[in-house]
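In: Make a model of this:
(3 chains, ligands or ions: 3)
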Amino acid sequence: MMMRWFKARMVLGTALLRRVLLAPVLPDHGPKPWLGKLANEDLAAVPKELWSYVGGTSRCIGCGLCDSVALPHEAPSQWITREAREPSTANLGLERAERLEELAREIAAICPARVPVEDVARLIRANAETLAQLKR
Amino acid sequence: MKTDVLVIGGGSNGTGLARDLAKRGVKVMLCEMGDFARGATGASSAMIHGGPRYLLNDVETTKHSCVDSGYIQKIAQHLVFRIPFLVPVPKSFPYGRASLLLHDVYFDVYDRYSPYKNGIPHAKLSVEEMLRIEPGLVGDFWGGVTLDEWGIDPGRLCVLNAIDAVAHGATVATYTEVVGITRGSNGEVTGARVRRRGEATVQEIEAKVVVNCGGPWAEKLAGLTPDSAKVKLRPGKGVHLVYEKRLTNFAVICNAVDGREVFVMPYLNESWIGTTDDDFYGDLNDLSATHDEVAYLREAVEHVLPDIKHQRLISTRVGVRNTMHGWGVHEDVLSRGYRIIDHTAAGTPGFYSLVGGKLASYRIQAEEAADAVCVRLGVAARCTTHEDYLPGGDAIPDEVELTRAYPIDRLTARRLVHRHGALASRVLDIGRETATGYAVVDPAEPVLECELRYCIRHEMVKRLSDLTMRCRLGVGADQGMRGGLRAAQVFAEERGLDTTSMREELMGLLRSRWRAARPVMTGQQLAQAELVMTQYTGLWQLPTLNPVA
Amino acid sequence: MFDVLVIGGGLAGVTAALEARACGARVALAQRSWGATAMSTGALDIAFAPGSPSEPTVARSIEGHIYAIAASRARHPYAVVGSGSALLAIADGMKLLSSALEPSGLTPRPWEAIQPNQPYVSSLGALVPAASALASHGPVTGGSVACVQLAGDTHFDAKHVAKAAVHDGRTSWGRALDIEPVMLRFDGSLPPIGLAQRLDDLGAAHELASELKAVVAGVSAVIMPPVLGLARHRETLATVQDAVGVPVIEALAHLPSVPGVRLQRALGQALRAAGVVLVGEVVGAETSGERVVAVQGKGGERLPAKAFVLASGRFISGGVVFDFGCREALFGLPTVTELGALEKDAPQNIVRADPRESHPLMTAGVQVNASMQPIVEGRIAFANLFAAGMVVGGFASRFALCADGVALATGVIAARGALA
Ligand SMILES: Cc1cc2nc3c(=O)[nH]c(=O)nc-3n(C[C@H](O)[C@H](O)[C@H](O)COP(=O)(O)OP(=O)(O)OC[C@H]3O[C@@H](n4cnc5c(N)ncnc54)[C@H](O)[C@@H]3O)c2cc1C
Ligand SMILES: Cc1cc2nc3c(=O)[nH]c(=O)nc-3n(C[C@H](O)[C@H](O)[C@H](O)COP(=O)(O)OP(=O)(O)OC[C@H]3O[C@@H](n4cnc5c(N)ncnc54)[C@H](O)[C@@H]3O)c2cc1C
Ligand code: SF4
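Out: Ligands and ions are numbered 1, 2, ... in the order given. You can find the predicted model right below:
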């Protein structure tokens, strides 16, 4: 047990020494490769203003009342908890975001939970945008 | 009932062991008193990590962890996802500017092992770079370093292990509790006594070997025979808070009031804050988060990500660690060690306990336990679990093609591929059987009717609430309010249940979700609870338990 | 300047506004959005005797039930106002509601004909005892009944509804039921509200009716999922009813509730018809000593009135909020529960482990006196402020606690207090 601990500290210690002594000659890969890899996995950055409005978009209690302002085959009450929940899937929800924007005023007049539907749409767009930037 | 090996416990260790033994041709039976992963496994942070923490004390452990993480990423590639970590280095750290350098060097060393788990070298980020990807961070930092870990759906991991075990001849019985161990004249194991949930009678199972994979229950299980080696755990209760959204793609490590590390991490479409670690000696079958634990976790993260205050908390995940007693010094360091205890010397040949360990290294732990058992049984077959795919792990179907072949959308396809991998089209084929096969049952995920049918038929579902571990039924913000009813109808149809049993099943699901959400029933989650309660008590005439206050 | 300004457009607020209008007052009603009323099932719970639901006391009268509730729950609004006053106010409220719902065809049966504990079939397949309901939900009165499944409707399972309704285990209903599930190939793989919207098209309603006629011959009544029209419910129901020739009964709805949406819309129409001035959300209050002077609209406008009725609902509607401490949202009034004052507490202490239990927290709302004036520390909070509906504490919107009865009674009493 003690031996292992000793070895562990040795490894860390020599790594530190190596870094301090050889700093000028060691290749520095920088953050590029790591940041670059995010693109392959749709792991986009957090959109800038997100934290200031995202809280409200989680208020839905699933009562389904907003379905009454949409067309018969549409279920906005379900869209609110779909692509908007996850940044990596935002680009799949852009069409729905557009429709939510159209319905936002009418939903605001009935939604008991005061879900800011235009913010749901904004969230989907913002996430989709950072995702697109990532892929560029 | 007769078997060679009886495995107790349906967590990652037990199911992993059952699969390993079955694949070596050993006759094995697994008994789990609840559903799979209902213990430490299902309550874990779900990370297949390489154990950077162990670098401080034991480099070999880090290496092993990384190697095994790599294997799991291969055999269950559909279930695994990367979790990039940000470790902000605040200016308040003791070594000043050197703090950043120290972190950087530390992860330089970790990078040596990263390739084993398909990681690439970490990065050192300037404050600007860090804020560009996570603008919610607030504080005075020198900068930050990154770190890559992988997450996995722990419930499905257990289910897939169990399914594969059964495919190779194992018998798996959930809701079956081991209540005693039977022994022969020399003290050797001859089997176990088990009792099925809801039945009074006890059945005898004959077995040459019994392996205790009881996680936090292991100490109690070892006590089933008086002549066992001492199994001593330090059970630490661990709470995660669950938020409605995946708020960020990056896990962020923060420091709590007591200096412990607490993190916020993305998990599929949610975010979790974890974890607490407090000694726990209460009832392992009755766990819930306390107000203090909720407050502790929230405060820790609010330091660094203040806006998390305004996010909707929807539920909690609570479990107890199966940490070995006396391993190392510091609490968090404790949690890696595992041992395979042979109780022969103590007087019970044929009895083994697999104690301690991690989800991340479940496979190697199971392999070592299986090796020990095989020696005893004289079986020469080798372990293959690091090479053989778990069901569905052999290929990742293209989600766009699935949307062309079936009437489903991209998000649904992506979720199905994540959960079922190469088997996604088998799941979807079931949709053709009924007019509503592709209807969305639980919109929060989304879960389709055909997926429910598939899980009910092929994934050892006994109770409706088991579907939570199979396909995340009811874990969304509405806690089963919308999906539960239809799922109960489908379950009743598949199982030929009468209406009364159907109601009981739904009630069971709602109750389990209610219990998880209860500690955070404030704000909107309380409005949600009011709605759940009103809807189901009103329309169903569910007997109210104490009608007059 | 209004005589009364009502905050909240659910059943309680609308009742208060209509009552005040009926007394000739100038009335404004502030409504942020829809609330619990729009989610309700279609039943109007007015009187159900507490005790075990498996022994409904069919014999008792409405009066007896209201008395029993008031006697057994000291903080229930029926007890606070006294069962005699409660009964009179409910009767008046029901009459107001009946005429208000006339144009939309939702009018419940007349007050004189109401009996407690009538068996209504719910969409989850239970016989729910209720005293009254919106027009399309009749009690099932025995005989052989067909329960209709629309193919593709995943929100309603006729098999279970039929079975549960028959095997409800409640022999004291005293009626033999024989309910058969019937599958109808009406193409409607739509959510309930969508289905209802489709059936607003009378062509579709006719099509449904003729299909229905063919499969339900010889029954004495037909139970349908609650989707028979939304905006044109009255016509859709009549169309189907005429074609089938026997009573067509809609089951009580679970969410999303078509009957709830119909009710909420009908109440809105009634307000307009009665000449109530509608304003939007209110976000603040202006008080002076013991009086509320005005409330503040969302756009900053000042809305003064002589008296105010607070009918802003509970957690669902945001009238009451809880974040480890509980308060009424607009005036910051403290709350009480069935069990008394609510300490600053963690939810696990005031919400029980099983959703079926009675949870103290779920009964949180403002404390009132018999005139529905909010009370703070034993004193009337504001001389001209009255409360009605779910924002009042001491009961839950749970089964057997008569939520709609409370909304009607407290709405009427609050309006009268405001005009006194
Ligand atoms: C909060 C928390 C976070 C964690 N995070 C991580 C992480 O991120 N990464 C990681 O690698 N590890 C993590 N761990 C540790 C990891 O979860 C455990 O080490 C691992 O899951 C243990 O698996 P197990 O199968 O031994 O135990 P369990 O999953 O607890 O399984 C034991 C099973 O035995 C059953 N059982 C008990 N008694 C009986 C009986 N008499 N009869 C039948 N069945 C019985 C129980 O029902 C239970 O299902 C975490 C643990 C906790 C608590
Ligand atoms: C799912 C469900 C099913 C139910 N089923 C039944 C049933 O079958 N039978 C029965 O008797 N009862 C039932 N109830 C209960 C019943 O619907 C309610 O108790 C009753 O309708 C409450 O009416 P209310 O007017 O007090 O509140 P709500 O209907 O909730 O109305 C509150 C109103 O206040 C408004 N408001 C809040 N704050 C402000 C503000 N600051 N400014 C402006 N407006 C504001 C809201 O927007 C809303 O319009 C059910 C409840 C639920 C949730
Ligand atoms: S009306 Fe509001 S709370 Fe209800 S489902 Fe729609 S968004 Fe959600």
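In: what about the stretch 201-350 of chain C, any weak spots by pLDDT?
Out: C:343-344 (pLDDT under 70).
In: whoops, chain B was the one
Out: B:326-336, B:541-549.
In: In contact with the residue in chain A that ligand 2 sits nearest to, which residues?
Out: Using C-beta to the nearest ligand atom, the closest approach of chain A to ligand 2 is made by A:Pro112 at 6.4 Å. Any C-beta I mention is one placed from the backbone N, CA and C, and that applies to glycine too. Each residue near A:Pro112 by C-beta atoms under 8 Å, 6 or more residues apart in numbering or on different chains is listed here: A:61, A:63, A:65, C:33-36, C:38-39, C:313, C:316-318.
In: mind redoing it with 7 Å?
Out: By C-beta atoms under 7 Å, 6 or more residues apart in numbering or on different chains, A:Pro112 lies in contact with A:Cys63, A:Leu65, C:Ser33, C:Trp34, C:Gly35, C:Ile316, C:Ser317.
In: Ok, A:Glu106 next?
Out: When contacts are counted by C-beta under 7 Å, 6+ apart, A:Glu106 touches A:Val69.
In: Could you say which helix or strand holds it?
Out: helix A:94-108 (DSSP states H and E).
In: do the same with B:Ala369
Out: Here B:Ala369 is assigned to helix B:362-377, by DSSP H and E.
In: Toward the C-terminus, what is the element adjacent to that helix?
Out: Counting by DSSP H and E, what follows helix B:362-377 is helix B:399-405.
In: Can I get the helix or strand just after that following helix as CSV, trimmed to CA atoms?
Out: Per DSSP H and E, helix B:399-405 leads on to helix B:410-420 as the next helix or strand towards the C-terminus. In CSV, the C-alpha atoms belonging to helix B:410-420 read as follows (Å, rounded to 0.1, in the frame of the first residue of the first chain):
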residue,chain,number,x,y,z
ARG,B,410,-35.1,12.0,-35.5
LEU,B,411,-35.2,12.6,-31.8
THR,B,412,-37.1,9.4,-31.2
ALA,B,413,-34.7,7.5,-33.5
ARG,B,414,-31.7,8.9,-31.7
ARG,B,415,-33.1,7.8,-28.3
LEU,B,416,-33.9,4.4,-29.5
VAL,B,417,-30.5,3.9,-31.0
HIS,B,418,-29.0,5.0,-27.7
ARG,B,419,-31.0,2.5,-25.7
HIS,B,420,-31.2,-0.4,-28.1
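In: Residues contacting helix B:410-420, please?
Out: Contacts for helix B:410-420 (C-beta under 7 Å, 6+ apart): A:82-83, A:89, A:92, B:78-79, B:156, B:392, B:396-397, B:399, B:402-403, B:424, B:427, B:445-446, B:448, B:451, B:471.
In: shaky segments in chain A?
Out: A:1-2.
In: So which residues of it form helices?
Out: Counting by DSSP state H, chain A has helices at residues A:2-22, A:32-40, A:50-53, A:76-79, A:94-108, A:117-135.
In: C:Arg109 versus B:Gly508, what's the distance?
Out: Going from B:Gly508 to C:Arg109 by C-beta to C-beta, to the nearest Å gives 38 Å.
In: now do C:Ile223
Out: Distance from C:Ile223 to C:Arg109, by C-beta to C-beta: 18 Å.
In: Please identify which of these two sits among more neighbours.
Out: Higher neighbour count among C:Ile223 and C:Arg109: C:Ile223, with 28 against 17, using other C-beta atoms under 10 Å in any protein chain shown.
In: Next, the contact list for the more buried one, please.
Out: Going by C-beta under 7 Å, 6+ apart, C:Ile223 touches C:Val121, C:Val145, C:Ala146, C:Cys147, C:Val148, C:Ile179, C:Ile249, C:Ala251.
In: what would these look like in a markdown table with secondary structure and distance to B:Glu270?
Out: Converted to a markdown table, the contacts of C:Ile223 look like this (DSSP: H, G, I helix; E, B strand; the rest coil; distance: C-beta to C-beta, whole Å):
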| residue | secondary structure | distance to B:Glu270 |
| --- | --- | --- |
| C:Val121 | strand | 38 |
| C:Val145 | strand | 45 |
| C:Ala146 | strand | 44 |
| C:Cys147 | strand | 39 |
| C:Val148 | strand | 39 |
| C:Ile179 | strand | 42 |
| C:Ile249 | strand | 42 |
| C:Ala251 | coil | 35 |
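In: Give the buried subset of those as a PyMOL selection command.
Out: Here is the PyMOL command that picks out the buried ones among the contacts of C:Ile223, judged by 16 or more other C-beta atoms under 10 Å in any protein chain shown:
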select buried, chain C and resi 121+145+146+147+148+179+249+251
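In: Could you dump the contacts of C:Ile223 into TSV and include distance to B:Glu128?
Out: Output for the contacts of C:Ile223, formatted as TSV (distance: C-beta to C-beta, whole Å):
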residue	distance to B:Glu128
C:Val121	64
C:Val145	71
C:Ala146	70
C:Cys147	65
C:Val148	64
C:Ile179	69
C:Ile249	67
C:Ala251	60
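In: Apart from its chain neighbours, what residue comes closest to the residue nearest the centre of chain A?
Out: Residue closest to the mean C-alpha point of chain A, counted by C-alpha atoms, centre = their mean, is A:Pro87 at 3.2 Å. Once flanking residues are discounted, A:Pro87 sits nearest to A:Asn127: 4.2 Å by C-beta to C-beta, 6 or more residues apart in numbering or on different chains.
In: How about C:Val277?
Out: Using C-beta to C-beta, 6+ apart, the nearest residue to C:Val277 is C:Ala28, at 4.2 Å.
In: any idea which element that neighbour lies in?
Out: Using DSSP H and E, C:Ala28 sits within strand C:27-30.
In: Name all residues that make contact with C:Ala409.
Out: By C-beta under 7 Å, 6+ apart, C:Ala409 lies in contact with C:Pro77, C:Val81, C:Ala86, C:Ala89, C:Ile90, C:Gly93.
In: before we move on, back to that, burial count for the residue nearest to C:Val277?
Out: That count, for C:Ala28 with other C-beta under 10 Å as the rule, works out to 21.
In: The one 10 residues further on too?
Out: Other residues within reach of C:Ala38 by the criterion other C-beta under 10 Å amount to 28.
In: Give me the pLDDT for it.
Out: For C:Ala38, the model assigns a pLDDT of 98.
In: What residues does it make contact with?
Out: A:Leu65, C:Gly260, C:Val261, C:Gln264.
In: Work out for me the element B:Leu86 sits within.
Out: strand B:80-90.
In: who does that strand pair up with?
Out: Strands adjacent to strand B:80-90 in the sheet, as given by DSSP bridges, are strand B:141-152 (antiparallel), strand B:251-255 (parallel).
In: The ones you listed into CSV, with extra columns for mean neighbour count?
Out: Formatted as CSV, the strands paired with strand B:80-90 follow (neighbours: other C-beta atoms under 10 Å in any protein chain shown):
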stretch, mean neighbour count
strand B:141-152, 23
strand B:251-255, 21
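In: which one of those lies closest to ligand 1?
Out: Closest approach to ligand 1 among the strands paired with strand B:80-90 is made by strand B:141-152 (8.1 Å; C-beta to the nearest ligand atom).
In: Now for the closest residue to chain C within chain A, how many residues are close by?
Out: Chain C sits closest to A:Gly64 of chain A, with a gap of 2.5 Å, by C-beta to the nearest C-beta. A count of neighbours around A:Gly64, defined by other C-beta under 10 Å, yields 27.
In: show me what contacts it?
Out: A:Gly64 neighbours (C-beta under 7 Å, 6+ apart): A:Ser77, C:Ile193, C:Leu255, C:Pro256.
In: So which residues on chain A come close to ligand 3?
Out: Remark: the part of chain A in contact with ligand 3 comprises A:60-66, A:77, A:80, A:111-113, A:115, using C-beta under 6 Å from any ligand atom.
In: May I ask which two of those are separated the most?
Out: Using C-beta to C-beta, the two most remote members of these are A:Ile80 and A:Pro112, lying 13.2 Å apart.
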